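Visitor: Prediction below, plus the sequence it came from.
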Amino acid sequence: MEAWIPLGYLLSAALFIFGLKKLGHPRTAPRGNQYGAMGMLVAVITTVVDMQLASGGMHWELIVAGLVVGSIIGLIMAFKVEMTGMPELVALFNGFGGAASALVALSETWKYIEDPDLPLPTGLELEVVVIAAGLSALVGWMTLTGSLLAMFKLKGGVEIFGKWFGTPTWGPSWLNPIKVLLAISVLALIVMSINDPTNTDYLWAIIGISCVLGIVLVLPIGGADMPVVVSLLNSLSGIAAAFTGFIISNPVLIVAGSLVGASGLILTFIMCKAMNRTLPDVLFKSFGGTTKETVTRTKVGSDPDEVAMMVDGAQKVIIVPGYGMAVSQCQHQVKEFGDLLKEKYDTDVKYAIHPVAGRMPGHMNVLLAEANVPYEQLIEMDEINPEFPECDVAVIIGANDTCNPAARTGEGPLAGMPIIDADQARTVVIVKRSLSVGYAGVDNDLFYMDKTMMLFGDGKAMMTGLNNAIKEN
């Protein structure tokens, strides 16, 4: 029976790899999730069998209870959460993943502290176990507190006893040296614990400082950088799992943690590139939200009937979704708008997806997929931009910075950031509550162009009115 254990871990790792590959495209992402779930199921079964063979007896009631309770909580959260709340849910799961790894590392390390004569995992020295435990604690607890703060930032605050408390974006320049000092302190404590591995004070100090470090790292980061933060925290949760895998000598945990860590880090750098920012800039420099331009220009708003007349007979329409679409939850009305154009005018309808639109990577894809928008209509920024000069109407719903021409000037917070070239369309329709600036604090010249029509108001209300106007046209 023991000979089958490595094969179980190999199958689990293979399923993780195939699942990760499938997650690279919206069409195959559901299958990728299924592969990942099957891989985790195989890993759990293999690990439980391995533990049973090694110890000869386990507390099965605790294992079954944990699986049942965890499954129920996961199902309830999956059914209750709305698509607009997916960024918060992902951030929360990242934090729980990091905490779970840190707790496992803590429990395993505690055994060796309580009984120094306990046999160590095969091929490992006590120093290696202590270092891995310290690093797992650093990354895991930092991920937990950072993810919780990120979740509350995405949610807009936290409600306690009926009172709403906002989560500030606060990060003076003197906070950066504190971040570095906290990180160095944890590394110093890990070195000290090598010389005295039975001293539990070092371990508790590492946990406490790591929790504070997670808070101060995320505290200065605002909404525009949240896609980067979410993907980075996802990477950190995987790294914590990999460190824990070394402690318990579990190969599948090392493989899975490394895959999550590497893929999350790659995605983080993709997000940074899409914003023309470096990761150190995201972590140590503020982006927008500090000095906002004052809006002094005005623009006369249009009404849905005027826009309906404009799209009448349009051969090509490109829809540009943004976070405002998520806030107003109008993805179904947007889908209906595209269907009406196709049905009445045989219009070629596509969706331009900016990599950092929304509050997490793929946020717009998830929302539009919920509304059953065909995957082939969701086009990434680099592929769709060359089509805008041939576009009759570009309809922007709740996007601002991601289509601001100021990014091409080489000056200001948006300098060099790749944007959706919606301004090159023949006519531009923008659904937005007001002319207020985006998170970068830069006024958008696109609002004031002669070819731009503004629909001021809530996204869902405006899109519903536009759809009704098209039906009556």
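Guide: Alright, I've got the coordinates.

Visitor: does P116 sit in a helix, a strand or a coil?
Guide: In the three-state summary, P116 is assigned as coil, counting by DSSP: H, G, I helix; E, B strand; the rest coil.

Visitor: now the strands for the protein?
Guide: Remark: strands assigned in the chain by DSSP state E are 158-160, 163-165, 316-321, 348-353, 378-380, 393-397, 427-432, 452-456.

Visitor: Can you say which of these is packed in most?
Guide: Between these, strand 393-397 has the highest mean count of neighbours, a mean of 28, where neighbours are mean count of other Cβ atoms under 10 Å. All C-beta atoms are positioned from the backbone trio N, CA, C, and that covers glycine.

Visitor: where does the stretch 201-350 of the chain have low pLDDT?
Guide: Counting by pLDDT under 70, the stretch 201-350 of the chain shows low-confidence ranges at 223-224, 286-293, 296.

Visitor: related to what we said a few turns ago, select, out of the strands of the chain, the one closest to L138.
Guide: If you check each of these against L138 by Cβ to Cβ, strand 158-160 wins as the nearest, at 25.4 Å.

Visitor: circling back: to W141, which of the strands of the chain lies closest?
Guide: strand 158-160 (19.7 Å).

Visitor: Quick one: mean pLDDT for the closest one?
Guide: Average pLDDT, strand 158-160: 62.

Visitor: do stretch 22-34 as well
Guide: In this model, stretch 22-34 carries a mean pLDDT of 83.

Visitor: For the spatially closest residue to D305 that is not a sequence neighbour, give me the pLDDT.
Guide: Nearest-residue entry for D305: A469, 4.9 Å, with adjacent residues in sequence omitted and distances by Cβ to Cβ, 6 or more residues apart in numbering. Per-residue confidence (pLDDT) for A469: 94.

Visitor: hang on, the earlier thing: any chance of the strands of the chain in JSON lines with distance to G362 as columns?
Guide: Conversion of those to JSON lines gives the following (distance: least, Cβ to Cβ, whole Å):
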{"stretch": "strand 158-160", "distance to G362": "25"}
{"stretch": "strand 163-165", "distance to G362": "29"}
{"stretch": "strand 316-321", "distance to G362": "12"}
{"stretch": "strand 348-353", "distance to G362": "9"}
{"stretch": "strand 378-380", "distance to G362": "10"}
{"stretch": "strand 393-397", "distance to G362": "17"}
{"stretch": "strand 427-432", "distance to G362": "22"}
{"stretch": "strand 452-456", "distance to G362": "26"}
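
Visitor: Tell me the spacing between the residue nearest to D305 and P321.
Guide: When distances are taken as Cβ to Cβ, to the nearest Å, A469 and P321 turn out to be 20 Å apart.

Visitor: cool, and G66?
Guide: 40 Å.

Visitor: now P87
Guide: Spatial separation of P87 from P321 under the definition Cβ to Cβ is 15 Å.

Visitor: One more: M275?
Guide: 17 Å.

Visitor: just L144 next, same as before
Guide: The gap separating L144 from P321 is 32 Å, by Cβ to Cβ.

Visitor: before we move on, what about T47?
Guide: 42 Å.

Visitor: What of G97?
Guide: The span separating G97 from P321 equals 29 Å under the rule Cβ to Cβ.

Visitor: ok so, going back, wait, what's in contact with the residue nearest to D305?
Guide: When contacts are counted by Cβ atoms under 8 Å, 6 or more residues apart in numbering, A469 is found next to 304-305, 307-308.

Visitor: How much space separates it from L53?
Guide: Distance from A469 to L53, counting by Cβ to Cβ: 69 Å.

Visitor: swap in I207?
Guide: 33 Å.

Visitor: Neighbour count: those two, which is higher?
Guide: I207 (19 against 11; other Cβ atoms under 10 Å).

Visitor: looking at it, the more buried one is touching W141, isn't it?
Guide: Yes. In this structure, I207 sits in contact with W141. The criterion is Cβ atoms under 8 Å, and the distance is 5.4 Å.

Visitor: so what's in contact with these two at the same time?
Guide: Common neighbours of I207 and W141 are listed as A102 (criterion: Cβ under 8 Å, 6+ apart).

Visitor: which other residues reach stretch 383-394?
Guide: For stretch 383-394, the external contacting residues (Cβ under 8 Å, 6+ apart) are 310-311, 314-320, 350, 352-353, 379, 420-429.

Visitor: residue contacts, M454?
Guide: Residues counted as contacts of M454 (Cβ under 8 Å, 6+ apart) are 299-302, 430, 432, 435, 447.

Visitor: Can you select the buried ones from those in PyMOL?
Guide: The command below creates a PyMOL selection of those among the contacts of M454 that count as buried (16 or more other Cβ atoms under 10 Å):
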select buried, resi 299+302+430+432+435+447
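
Visitor: Against P220, how distant is the closest residue to F456 other than its chain neighbours?
Guide: Of all residues not flanking F456 in the chain, G301 sits nearest, at 4.3 Å (Cβ to Cβ, 6+ apart). G301 sits at a distance of 36 Å from P220 (criterion: Cβ to Cβ).
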